[in-house]
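Asks: Based on what follows, work out the 3D shape:
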Amino acid sequence: MNNVAVMVGPVVGGGFLTVVIVLLCWRRAQGVVEFEDQEAPLGFEDAMNGELDHNAGPRRYSYSELVRATNNFANEGLLGGEGFGEVYKGFLSQLNMTVAVKRVSKRSRQGRKEYISELKIISGLRHKNLVKLMGWCNEKGELLLIYQFMPNGSPDSRLFRDKTMLKWAVRYKIAPGLASALLYRHEESEQSVIHRDIKSSNIMLDSDFNIKLGDFGLARLMDEDAGVKTTALAGTFGYMAPEYISKGKASKASDVYSFGVVALEIACGRKSIQSNSDASLVARVWELYGADRLVDALDKRLCMEFEAKELEYLVNVGLWCAYPVHTLRPSIRQALRVLKFEAHFPDLPKNMPPPNYNLVSLEEEPPLPPSAPHSLTFTSINAGR
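Replies: Have a look, this model is predicted:
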């Protein structure tokens, strides 16, 4: 059995949120938080057009084709806002297929950058749990992306807004599907990709409630040799890892943290941050875990209709992935093995440890202190990444 020492101390959920908000404000004051609102290099879009035209994959559509497909972007076909644009339901008669068309806002320079990033990254990814990019259009000043249509929307809408509730069997199915998508992106694709914006609203459900991860606008290709890179902060508050907020260092570990938050949302039917609560979802669930009251974290709308083992594994994986100290989080492969019941989750400390904002490196685990009042014990999963 491996014992990995951790830093622990009294942590109050509201206090943790206050620290996070202060860090965000400080970074903005120091000019660190720019949210990447910069123009892409001139001529880059034309180069992308040529590259995509000569490669297999998404095809180029004319603007007139998409106008017809969406009935001139009619309001009745509006599916919702998505990042820096709007998404419309459309029908491509030549394919006899319903699609979702993302129309990037003309007023958003950030939207233009996300469009380019999404074309570069998602066009080269192929996985059953990733949203398929069907096509694209860059014409008449319009930037459009065409995706496969997901008739069951996102878990976000069904967990937090709709009266139509997701049953437990569907909920548990989401977590390993999302983990599988991240495993492909982190370890199995030709080049590692860090998403940076994993959240419930970026997951879509097809007709059989299989999950498809989408919205790659904030994603970054990862240079394995260079390691973690400091970038302008981007993402969604409530899903961002503590070290990413404080240091601006996106990594596989920060994606894993976001995955952990989503896993807890699935089980609890509660947003990561709620306006009527000072405590984050992670802090609240950890408090219940420490009191041996995990069942109290469950979404009450389920009326106790759930599999006890699945709830135990899902919540423990969620907390493990959302561990405040990044070096003690699992890899996404380890998390997936637990969700498939191929391995056991670790014994987490009863009190949520404080985050370590002063890490020198995100690539190397800091040396263990001579003595520690608490330890994280792994029963059947090796420590480390």
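Asks: CA only for contacts and neighbour counts going forward, please
Replies: Will do.
Asks: where exactly do the strands run in the chain?
Replies: 2-5, 59-60, 78-81, 85-92, 97-104, 133-139, 142-148, 193-194, 203-205, 211-213, 220-221, 229-230, 249-250, 375-378 (DSSP state E).
Asks: okay, these in TSV with mean neighbour count, mean pLDDT and distance to residue 294 next?
Replies: Converted to TSV, the strands of the chain look like this (neighbours: other CA atoms under 10 Å; pLDDT from 0 to 100; distance: least, CA to CA, whole Å):
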stretch	mean neighbour count	mean pLDDT	distance to residue 294
strand 2-5	15	36	24
strand 59-60	16	90	48
strand 78-81	14	84	34
strand 85-92	20	92	38
strand 97-104	22	92	38
strand 133-139	19	90	39
strand 142-148	20	90	37
strand 193-194	24	80	31
strand 203-205	23	92	25
strand 211-213	26	91	26
strand 220-221	18	48	35
strand 229-230	14	48	36
strand 249-250	24	83	30
strand 375-378	18	39	19
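Asks: And those strands: which comes nearest residue 183?
Replies: Across those, the minimum distance to residue 183, taken as CA to CA, is reached by strand 193-194, at 9.9 Å.
Asks: helices and strands of this protein: which one bottoms out on pLDDT?
Replies: Ranked by mean pLDDT, DSSP states H and E, the helix or strand of the chain with the weakest confidence is strand 2-5, at a mean of 36.
Asks: if we can go back for a sec, need the strands of the chain in TSV with distance to residue 266, can you?
Replies: Output for these, formatted as TSV (distance: least, CA to CA, whole Å):
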stretch	distance to residue 266
strand 2-5	28
strand 59-60	35
strand 78-81	22
strand 85-92	24
strand 97-104	25
strand 133-139	26
strand 142-148	24
strand 193-194	22
strand 203-205	12
strand 211-213	13
strand 220-221	26
strand 229-230	30
strand 249-250	24
strand 375-378	24
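Asks: ok, for residue 333, nearest residue in space, not its chain neighbours?
Replies: residue 183 (6.1 Å; CA to CA, 6 or more residues apart in numbering).
Asks: Could you do residue 291 as well?
Replies: residue 350 (7.6 Å).
Asks: mind listing what the one you found touches?
Replies: 286-287, 289-291 (CA atoms under 8 Å, 6 or more residues apart in numbering).
Asks: how far away is it from residue 310?
Replies: 20 Å (CA to CA, to the nearest Å).
Asks: What ranges does the stretch 251-385 of the chain have for its helices?
Replies: 252-268, 281-290, 308-321, 332-339 (DSSP state H, counting those that start in this stretch).
Asks: What are the buried residues along the third one?
Replies: Meaning helix 308-321. Within helix 308-321, the residues scored as buried using 16 or more other CA atoms under 10 Å are 310-321.
Asks: measure residue 117 to residue 145 for me?
Replies: Using CA to CA, residue 117 is found at 12 Å from residue 145.
Asks: now residue 119
Replies: Separation of residue 119 from residue 145 (CA to CA): 8 Å.
Asks: so where's the chain uncertain?
Replies: Where the chain drops to pLDDT under 70, the residues are 1-56, 82-83, 107-110, 121, 162-163, 215-234, 277-278, 356-385.
Asks: Where do the domain boundaries of it fall?
Replies: As given by automatic domain parsing, the domain ranges for the chain are 7-28+152-378, 44-148.
Asks: Out of those, which is the most enclosed?
Replies: Sort these by mean neighbour count, taking mean count of other CA atoms under 10 Å, and domain 7-28+152-378 sits at the top with a mean of 19.
Asks: Could you find the closest non-adjacent residue to residue 99?
Replies: What sits nearest to residue 99 in space, not counting adjacent residues and going by CA to CA, 6+ apart, is residue 149, at 4.4 Å.
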